[in-house]
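1. I would like to see how this sequence folds:
(one chain, ligands or ions: 1)
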Amino acid sequence: MNPAKVLTLLSLTVVLGVSGTACAQKTSPANDARPAGAPGNGPALSVRLKPYSDGRNSVSHLDVTTVLTSLGVKKGQKLVTMPLRRASTPTVADGSGKDWLTARDEAGELPLEIQDAGESEFDRDRSWMATRDTQGKITVSYRAAPRALTAESKGGPEYGLQAENGGITGAGAGLLALPESSDTSYAISLTWDLSAMPPNSRGVWTYNAGDATTTGTVDKLADAYYAAGDVKEMRSGANGGFTFYYLSEITSFDLRGLTDFTAKLYDHASTFFRDKPGQVYSVFARQVPYRGLSGTALSRSFAFSFKNDTKLDDAELKQHLAHEMVHNWPRLDESQDDDGGWFTEGIANYYADVLPYRAGLIGYEPFVGQINSNLSQYYSNRYRESPRAEILEMTWKDQAAQRAPYHRGYVYLFRVDSQIKTASAGKRSLDDVVLELLRRSENHEKVDANTWLTLVSKEIGDLAQQEYRDMINGKLLIPLNEFVAKTHRVDKYRGTVEGLGERDFYRLVKK
Ligand SMILES: [Zn+2]
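-> Numbers count the residues shown, from 1 in each chain. Just a heads-up that it's a prediction; the model follows:
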């Protein structure tokens with residue numbers, strides 16, 4: 001996997017808490033289980049998931065059967081691919097043997113060869129190659145086992161398959177072997193076989209409960225969450241498109257309150273980022289035996305993990321969920337000029353503060369408090385003046401380096417917003433640039449760091465390049481408070497940075 005891809009994966013994950021480890025179309029429900037494909041002429045992909053209860057309130061495994069129609073694969077070409085590890089989390093293919101995944105087509109058994117790519121413990125992919133030209137419909141089968149988790153398990157991105165309270169949850173990327181990602185659109189069907197589960201069981205994925213037919217690229221299946229068992233749900237929001245799914249009763253936070261907050265935020269964000277009508281959004285809660293709060297965002301959904309034995313801080317949890325939700329919208333394409341999360345994580349932190357305030361979900365003082373919290377985390381990070389290359393090198397060795405882009409990006413974006421407001425006498429803001437990026441992205445135009453710089457240059461001229469270079473090179477950024485200038489000013493003070501000693505810090509204080 002190329003380094004840019006690795007960066008994107010890291011960027012979709014947020015780390016919170018002292019011991020915590022953690023942080024990338026609506027379908028209509030179908031009542032029939034007919035395989036996708038007929039009567040269309042394009043390729044079709046039908047996935048059947050069959051979880052097995054072990055009879056002791058747990059799921060022992062899940063059988064995956066995928067049928068590929070109108071997909072001729074030549075000898076030596078890749079049939080299906082999936083990660084062995086995704087963002088350091090083992091998938092169901094990790095440690096699997098040579099004959100774990102099998103395939104048949106209309107000529108009988110289809111022998112496969114394995115090809116692995118990517119050396120790192122962080123991300124490694126496996127492909128299964130056809131050893132002859134395929135004929136007709138191809139069926140791929142394998143058995144997936146959930147990860148064994150203990151109090152000592154390392155937390156991390158929600159890519160693993162996990163058994164919980166008689167049910168199971170997982171991300172497509174960690175569960176499904178699929179044709180290689182491409183622009184090819186498939187007729188997709190998803191069916192749940194719950195015959196080996198207790199009678200009250202059901203299967204859901206990001207887009208709906210029960211079986212589904214839809215169209216999309218393989219990424220639609222890979223970038224979704226799945227859950228089966230006695231899956232409980234809480235719905236909220238004006239458009240009814242928001243669902244919170246969970247498998248175990250939750251006592252560590254106010255589920256109703258959090259669902260209402262997240263649903264209102266979703267309604268606001270969905271409108272602000274100009275979603276097409278009828279879109280859905282789902283949240284999957286996972287209880288884990290280890291400490292720490294983590295979350296991972298996929299398309300139109302995110303999952304978060306927590307230990308249910310202690311009360312979670314309400315404000316921290318809301319900020320965390322808001323951050324994950326924002327990931328659904330503004331992103332830059334991967335490119336060689338990608339900057340290790342400054343945009344993806346910076347913009348998620350930025351709108352995780354701004355949108356709840358605009359939506360009336362948090363007050364003005366708590367809002368300014370959250371800005372100051374981001375500022376404080378930026379100035380107290382020992383990588384605060386390190387160039388990008390050094391931070392990237394240390395990202396998976398030091399949590400402070402992994403966190404650095406979140407707050408550096410935040411302060412940089414905060415400054416750019418102020419600069420645009422000043423240049424336009426308050427008529428324009430960061431919002432205009434972000435919405436234009438999204439519009440281009442929707443039109444399948446390339447949207448990368450260069451696009452960003454071009455758009456910002458239109459607003460503030462040459463200052464855009466200078467500001468960007470400063471951010472990349474590690475020049476200390478000081479907030480420009482056009483944002484809250486009527487009520488607050490920037491205050492300089494001395495603070496302590498671990499490993500560096502006393503340094504200048506900046507915050508917003510009341511005028
Ligand atoms: Zn994030």
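2. give me the mean pLDDT for the host helix or strand of residue 352.
-> Here residue 352, judged by DSSP states H and E, is contained in helix 342-358. Mean pLDDT, helix 342-358: 95.
3. next SSE downstream of that helix?
-> Past helix 342-358, the next helix or strand by DSSP H and E is helix 364-379.
4. which helices and strands sit right next to whichever helix or strand comes after that next one?
-> Using DSSP H and E, the helix or strand that follows helix 364-379 in sequence is helix 388-394. Identification of packing neighbours for helix 388-394 by 3 or more C-beta pairs under 8 Å, 6 or more residues apart in numbering; DSSP states H and E yields helix 399-423. Glycine gets a C-beta too; all of them are placed from N, C-alpha and C.
5. just the angle for the helix it packs on relative to helix 342-358, thanks.
-> 60 degrees (axes from the mean of the first three to the mean of the last three C-alpha atoms, to 10 degrees).
6. pLDDT (mean, whole number) over helix 399-423?
-> The predicted model gives helix 399-423 an average pLDDT of 95.
7. which strand or helix spans whichever residue of the stretch 101-250 of the chain sits closest to the ion?
-> As assessed by C-beta to the ion, the ion sits closest to residue 157 within the stretch 101-250 of the chain, at 10.2 Å. Residue 157 is part of no helix or strand, with elements assigned from DSSP H and E.
8. now do residue 85
-> Per DSSP H and E: strand 78-86 holds residue 85.
9. identify each buried residue in that strand, please.
-> Within strand 78-86, the residues scored as buried using 16 or more other C-beta atoms under 10 Å are 79-86.
10. just the helices in the stretch 51-200 of the chain please.
-> 172-175 (DSSP state H, counting those that start in this stretch).
11. point out where it drops to low pLDDT.
-> 119 (pLDDT under 70).
12. quick one: contacts of the strand holding residue 85?
-> Surrounding strand 78-86, the residues in contact under the criterion C-beta atoms under 8 Å, 6 or more residues apart in numbering are 9, 66, 68, 73, 90-91, 93-94, 101, 103, 110, 112, 115-116, 121-130, 134, 138, 140, 157, 159, 171, 173-174, 176-181.
13. what does stretch 425-433 give?
-> In contact with stretch 425-433 (C-beta under 8 Å, 6+ apart) are residues 272, 350, 413, 416-417, 420-421, 452, 455-456, 459.
14. which bits of the stretch 251-400 of the chain sit near the ion?
-> Applying C-beta under 5 Å from the ion, we find that the stretch 251-400 of the chain lies next to the ion at 345, 348.
15. kindly write the ChimeraX command that selects the buried subset of the contacts of strand 78-86.
-> To isolate the buried subset of these in ChimeraX, counting by 16+ other C-beta under 10 Å, use the following:
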select :9,66,68,73,90,91,93,94,101,103,110,112,122,123,124,125,126,127,128,129,130,134,138,140,157,159,171,173,174,176,177,178,179
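16. which ones among the contacts of strand 78-86 lie within strands?
-> Residues of the contacts of strand 78-86 located in strands (DSSP state E): 66, 68, 90, 103, 112, 115-116, 124-130, 138, 140, 171.
17. next, the contact list for residue 331, please.
-> 24, 343-344, 441, 447.
18. mind redoing it with 7 Å?
-> Counting by C-beta atoms under 7 Å, 6 or more residues apart in numbering, residue 331 makes contact with residue 344.
19. tell me, domain by domain, which residues of the chain belong where.
-> 3-326, 342-510 (automatic domain parsing).
20. for the ones you listed, which one sits closest to residue 334?
-> Residue 334 sits nearest to domain 3-326 of all these, at 3.9 Å, using C-beta to C-beta.
21. who wins for most neighbours among the contacts of stretch 425-433?
-> Neighbour counts for the contacts of stretch 425-433 (other C-beta atoms under 10 Å) peak at residue 350, which has 27 neighbours.
22. thinking that residue is in contact with residue 412, fair?
-> No. At 9.6 Å, residue 350 does not count as touching residue 412 under the criterion of C-beta atoms under 7 Å.
23. not counting sequence-adjacent ones, nearest residue to residue 285?
-> residue 246 (4.2 Å; C-beta to C-beta, 6 or more residues apart in numbering).
24. report the separation between that neighbour and residue 252.
-> 12 Å (C-beta to C-beta, to the nearest Å).
25. the two - which one has more neighbours?
-> residue 246 (22 against 15).
26. read off the pLDDT value for that one.
-> The model reports residue 246 with a pLDDT of 97.
27. if I look at it, how far off is residue 209?
-> On the measure of C-beta to C-beta, residue 246 and residue 209 end up 13 Å apart.
28. any common contacting residues for those two?
-> In contact with both residue 246 and residue 209: no residue, using C-beta under 7 Å, 6+ apart.
29. hmm, back to that, next one: the residue of the stretch 101-250 of the chain closest to the ion relative to residue 343, how far apart?
-> Distance from residue 157 to residue 343, by C-beta to C-beta: 19 Å.
30. element containing residue 493?
-> Counting by DSSP H and E, residue 493 is part of strand 488-497.
31. enumerate the residues of the stretch 51-200 of the chain near the ion.
-> Within the stretch 51-200 of the chain, no position is near the ion by C-beta under 5 Å from the ion.
32. list the contacts of residue 312.
-> By C-beta under 7 Å, 6+ apart, the contact set of residue 312 is 252-253, 293, 306.
33. so it is in which element?
-> Using DSSP H and E, no helix or strand contains residue 312.
34. check it and give its pLDDT.
-> On the pLDDT scale, residue 312 is placed at 91.
35. coming back round to it: right, and the residue of the stretch 101-250 of the chain closest to the ion touches residue 298 too?
-> No. Residue 157 lies out of contact with residue 298 (C-beta under 7 Å); the separation is 10.1 Å.
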